[in-house]
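Visitor: Provided below are the primary sequence and the corresponding predicted coordinates.
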Amino acid sequence: MPPAAITLDDIWKGYHRSRSIAAKLARFGRRIAGRANEDDLFWALKGVSCEIRQGETVGLIGPNGAGKSTLLKILARVTVPTRGTYRTSGRVGALIEVGAGFHQALTGRENVYLNGAIMGMRKREIDAKFDQIVAFSEVESFLDTPLKFYSSGMMVRLGFAVAAHIDPEILLVDEVLAVGDTAFQAKCLNKIAELKEQERTIVLVSHTMPSILQHSSRVLWIDHGTIQAHGDPEETVEAYLRTVYKQRPGPADEAAAPGDSPIRITRVTVRNAVGDSHGVLAYGDSACVEVEYRVDRPVDDPVLALSFQDARDFPLGGITSRLGGVRLEGHEGTGIVRLHLSPVLFTRGSYGVTVAIQDSRIQRYLDMRPRAATFMVDGPSVASREVSGHFVFPHRWEAEPERA
């Protein structure tokens, strides 16, 4: 078994809830009087213990505020634990914050040397790799421009280029890669794959599960500062996603219509193939979203708009009744509109549906129900690595044999 590259032993990290001058003076007074206590601390990490072996790529997952970035900052020696000990074996390269280790008043060229020195490189090492770093970062034209004029994406490029070229035994990468453009993200991920082939140890924080699954040999799931699971990538990601789905709030109880709105949404129901409103939708089967509404005063050509969200409320797209050539009845009374999904193309997970009624120009909202209904789908999982994202697009594979 390879030796341990990172060892965490009962790591706790607390932050004071109040940072006002009065609170700091009160805490200082308690320490002087020997009455210091930790009652007012917010614990970002609570007793984290684990080992990461040399050559492993560990994906670090969890919701926002779980403690992931705090753990990386401890490993990068940006901060220290309140309690507990940790050990790292070898040079650590870290990209944990946009602009971390940079000085805004210095040029890009000067910051390469500054950031390299912070990470433990000697000047002659930086000299030898300077051209590679600059070429990878793609900021040659701005190399002698002060960093304060760089965009966040340019700073990420430069920071990752330095971190990846110091020959780190351990590389720590936070979600900051999401700032770069798609082509640069691909370049970074290819560099990570190259370091994996060299059996370097990598800790990768991301909310993008396909990326975690593609690159991780193990996954560490943290929530509320404690380790929930640490093991097989597919099993750990699947368990994490199931928890995320269960924690989602239920549908909104009240409509968000203006008080004088002439039309209101009264009920939104998602039904599976057999018409059950409490069952799970099945990938490949049919389903429908049923919207009931009431017209209190005549409305000229109202339009129904419907959109879907994932478990974190990220919008997945939407359509209107006008696209399908359906007209809502605008006379006083009640009506029902159904959107039929045939087939269901969602991957496994929990989803929400937001419903709105707009005016004939599709500009003004007459009524809106954010996340008016939620539903579960049983189907292919992103943890299988065979699909990615929230949809399996209609498709047909075809391969022709090679001709001699």
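Guide: Yes, it's here. These figures come from a predicted structure and were not determined experimentally.
Visitor: now Val353: which helix or strand?
Guide: Element membership for Val353, per DSSP states H and E: strand 349-358.
Visitor: what are the buried residues along stretch 63-77?
Guide: For stretch 63-77, the neighbour count (16 or more other C-beta atoms under 10 Å) marks 63, 66-76 as buried. No exception for glycine: its C-beta is placed from N, CA and C like everyone else's.
Visitor: right, and out of these, which lies closest to Ser216?
Guide: Proximity of the buried residues of stretch 63-77 to Ser216 (C-beta to C-beta) peaks at Lys68, which lies at 13.7 Å.
Visitor: from Leu45, how far out is the closest one?
Guide: When distance is defined by C-beta to C-beta, to the nearest Å, Lys68 is 10 Å away from Leu45.
Visitor: could you do Asp301 as well?
Guide: 56 Å.
Visitor: ok, the two, which is more surrounded?
Guide: The residue with more neighbours, out of Asp301 and Leu45 and counting by other C-beta atoms under 10 Å, is Leu45; that gives 26 against 11.
Visitor: what segments of this protein are helices?
Guide: In order along the chain, the chain carries the following helices (DSSP state H): 21-32, 68-75, 108-118, 123-137, 152-164, 182-197, 209-215, 233-247.
Visitor: TSV for those helices, including mean pLDDT and distance to Thr334?
Guide: Output for those, formatted as TSV (pLDDT from 0 to 100; distance: least, C-beta to C-beta, whole Å):
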stretch	mean pLDDT	distance to Thr334
helix 21-32	61	57
helix 68-75	93	49
helix 108-118	90	64
helix 123-137	92	61
helix 152-164	87	50
helix 182-197	84	47
helix 209-215	80	42
helix 233-247	77	33
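Visitor: which stretch among the ones you listed comes nearest Thr320?
Guide: Nearest to Thr320 among these is helix 233-247; the distance by C-beta to C-beta comes to 27.4 Å.
Visitor: remind me what that closest one packs against, helices and strands.
Guide: Identification of packing neighbours for helix 233-247 by 3 or more C-beta pairs under 8 Å, 6 or more residues apart in numbering; DSSP states H and E yields strand 57-61, helix 209-215, strand 218-223, strand 226-231, strand 349-358.
Visitor: now do the last one against helix 233-247, angle only.
Guide: Following axes from the mean of the first three to the mean of the last three C-alpha atoms, to 10 degrees, one obtains 40 degrees for the angle between strand 349-358 and helix 233-247.
Visitor: now the first one
Guide: When the same axes, to 10 degrees is applied, the directions of strand 57-61 and helix 233-247 differ by 0 degrees.
Visitor: packing partners for strand 57-61?
Guide: Using 3+ C-beta pairs under 8 Å, 6+ apart as the contact test, the elements touching strand 57-61 are helix 68-75, strand 201-205, helix 209-215, strand 218-223, helix 233-247.
Visitor: return the most buried member of those.
Guide: Across these, the average number of neighbours (mean count of other C-beta atoms under 10 Å) peaks for strand 201-205, which reaches a mean of 25.
Visitor: which strands border that one, and is each parallel or antiparallel?
Guide: Taking DSSP bridges as the criterion, strand 201-205 pairs within the sheet with strand 57-61 (parallel), strand 170-173 (parallel).
Visitor: let me know the average pLDDT across the first one.
Guide: Rounded to a whole number, the mean pLDDT of strand 57-61 is 94.
Visitor: with only the CA atoms kept, save that strand in PDB.
Guide: Listed in PDB are the C-alpha atoms of strand 57-61, where the atom choice follows Å, rounded to 0.1, in the frame of the first residue of the first chain:
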ATOM      1  CA  THR A  57      -7.100  11.600  -6.600                       C
ATOM      2  CA  VAL A  58      -9.800  12.400  -4.000                       C
ATOM      3  CA  GLY A  59     -12.900  14.300  -4.900                       C
ATOM      4  CA  LEU A  60     -14.200  16.500  -2.100                       C
ATOM      5  CA  ILE A  61     -18.000  17.000  -2.300                       C
END
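Visitor: identify each buried residue in stretch 113-124, please.
Guide: Applying a neighbour-count criterion of 16+ other C-beta under 10 Å, one finds 113-116, 119, 121 buried in stretch 113-124.
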